[in-house]
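K.L.:
Sequence below, structure please.
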Amino acid sequence: MLEANHLSVSFPVYRGILKRQVGEISAVSDVSLALSAGETVGLVGESGCGKSTFLKALAGLVRRSAGDVRLDGSIVEVSDRSAMHAFRRSVQMVFQDPAESLNSRHSLGQILTEPYDIHGLFSEPERIERVQSLLAAVGLGGTPLSKYPHEFSGGQRQRIGVARALTLEPNYVLCDEPVSALDVSVQAQLLNLLMDLQEARRLGLLIVAHDLSVVRHISHRVGVMYLGELVEIAPTQPLYATPNHPYTKALLDAVPVPDPTQRNRVRTVLSGEIPSPQNPPSGCRFRTRCPVAMARCQDEKPELKLIATDHWSACHQNDMM
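P.N.:
Got it, this is the predicted structure:
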């Protein structure tokens, strides 16, 4: 199991000629999440809510301000080079932009064999054989290894990114908006590919996405983030059928419904802008936009509580039920 326990990430804010620190941006605040082998967890929320930062902190690409990451019960220390070296073999990442995440000066063969170089694995013939097997698995079988990233389409580049993430046979793959830059038809192909690979290899997938239909299609559980905090997490079907948190309801109500008979349905509409993470609201961070906010929301931060089987929500309304 891959776990994040009370994970927080803050970035300092500097001003002036002397670059003095005048504050900090709280990108991720006290988030706990577990991912099991063979499970897919989706993470959703508006832009700027901290989803991608959380993913990078979990992978050790961004320094944590508080909390810890555990792999199979053992704490992973970013400062421990040997521990991180072993951690990389179990946890890999697929980045959002397939063009920027691949080295434009490296050929396909260099890109996919580099992880073997870093970890000192296999002989040259074995590496080529494994790379060709990976390319076949992601639908690029027979592609010349001498080609460069600019010679591929966006969908093909993202498939290469998936293949690179699988070179070390990891147990967990973290996907940051893996299909957002792709056409709809290519999105479906890549999502089906991820699901097939997960079933064949029992991968644990943590997927960040804006498209709620994508998350619903591929995930076993879904977590909802707002302004750096996890406000609700539940199995996919219960969360979509009976969302509990007002923010989750607003997100689902914003999804277009291809049914003209439901055009006048009652929807939760949010007002105002997302507060600055440099100066978040006191108490419940969602209270400034919440249609059902009460007095205690201003001073008291709601805790993530179990409200049904494996369904957690952070809202003071749950205390009144």
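
K.L.:
nearest residue to T40 other than its sequence neighbours?
P.N.:
Using Cβ to Cβ, 6 or more residues apart in numbering and skipping the chain neighbours, the partner closest in space to T40 is L205 (4.3 Å). Quick note: C-beta positions are derived from backbone N, CA and C, even for glycine.

K.L.:
Low-confidence ranges, the stretch 101-250 of the chain, go.
P.N.:
Residue ranges of the stretch 101-250 of the chain with pLDDT under 70: 181.

K.L.:
same thing but at 50, please
P.N.:
By pLDDT under 50, the stretch 101-250 of the chain has no low-scoring segment.

K.L.:
Tell me if the residue nearest to T40 really is in a strand.
P.N.:
Yes - looking at L205 with DSSP: H, G, I helix; E, B strand; the rest coil, it is inside a strand.

K.L.:
who touches whichever strand or helix holds I25?
P.N.:
When elements are assigned from DSSP states H and E, I25 belongs to strand 20-35. Identification of contacts with strand 20-35 by Cβ atoms under 8 Å, 6 or more residues apart in numbering yields 1-16, 41, 50, 53-54, 57, 66-67, 172, 204-206, 223, 225, 227-230, 233, 277-280, 304.

K.L.:
just stretch 138-156 next, same as before
P.N.:
Outside stretch 138-156, the residues touching it (Cβ under 8 Å, 6+ apart) are 98-99, 102-109, 111-112, 128, 131-132, 135-136, 157, 159-160, 162-163, 166, 181-183, 186, 189-190, 193, 197.

K.L.:
Show me how to select, in ChimeraX, the buried members of these.
P.N.:
Entered in ChimeraX, the line below selects the buried ones among the contacts of stretch 138-156, by 16 or more other Cβ atoms under 10 Å:
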select :98,102,107,108,109,111,112,131,132,135,157,159,160,162,163,166,181,182,186,189,190,193,197
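
K.L.:
ok, what's across the strand from the residue positioned nearest the centre of the chain?
P.N.:
For the chain, the residue lying nearest the average C-alpha position, counting by Cα atoms, centre = their mean, turns out to be V208 (3.2 Å). Using DSSP bridges, the beta-bridge partners of V208 come out as L43, D176.
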